[in-house]
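Chemist: Structure for the following, please:
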Amino acid sequence: MKSGFELFKTRRQDERIDIAVMEAQYNIELPPLYKLFVFTFRHDNSPSNAEKYYIPQWYQYRYVADIDYKPLYDDVKNRLDFTLDDLDRALRSHKYNMTKEVEWVKYGVFRIGGIGMGGGLFVGTREENKDRIFRVR
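Modeler: The predicted model follows:
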């Protein structure tokens, strides 16, 4: 059984992305570990890009980009279920929301995914919080 990073498919050499070009296009400097992650792994939830796993309690398959932690599913305050956005979608969302979501600027965070209870999964972009992951509801 696969677990952890084994669930993510690595990018092939011919599908490498130029993150520096994307950063310049969207006027943002992404944190180093997040850049390494998106450079190395394909993590959107399309069938060709992600491994899937079976959840017997729900009788369904889920893609690795859709992560659910079942033991806390009924505990709304502590439940963990989230989806990871691919880099292009995350950058477009960031650009679109920068004027609407002032907290993103105030706290120096970049949204990398959504969480089932509303809100999002963010990574810090400033020196004091760089590469730290935040769950925001």
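
Chemist: Report the helix or strand with the lowest average pLDDT across the chain.
Modeler: For the chain, scoring each helix and strand by mean pLDDT, DSSP states H and E identifies strand 66-69 as the least confident one, at a mean of 52.

Chemist: Helices along the protein, start to end?
Modeler: According to DSSP state H, the chain carries its helices in the segments 19-26, 32-40, 87-97, 102-107.

Chemist: Could you check how far residue 55 is from residue 121?
Modeler: Counting by C-beta to C-beta, to the nearest Å, the gap from residue 55 to residue 121 is 20 Å. Glycine gets a C-beta too; all of them are placed from N, C-alpha and C.

Chemist: With neighbour numbers in mind, choose between these two.
Modeler: Per other C-beta atoms under 10 Å, whichever of residue 55 and residue 121 has more neighbours is residue 121, with 20 against 11.

Chemist: Report the central residue of this structure.
Modeler: Ranked by distance to the mean C-alpha position of the chain (C-alpha atoms, centre = their mean), the top residue is residue 84 at 3.1 Å.

Chemist: what sits opposite it in the beta ladder?
Modeler: According to DSSP bridges, the partner residues bridging residue 84 are residue 113.

Chemist: now residue 9
Modeler: residue 42.

Chemist: coming back round to it: quick one: closest of the helices of the chain to residue 61.
Modeler: For the helices of the chain, proximity to residue 61 was assessed by C-beta to C-beta; helix 87-97 is nearest, at 21.9 Å.
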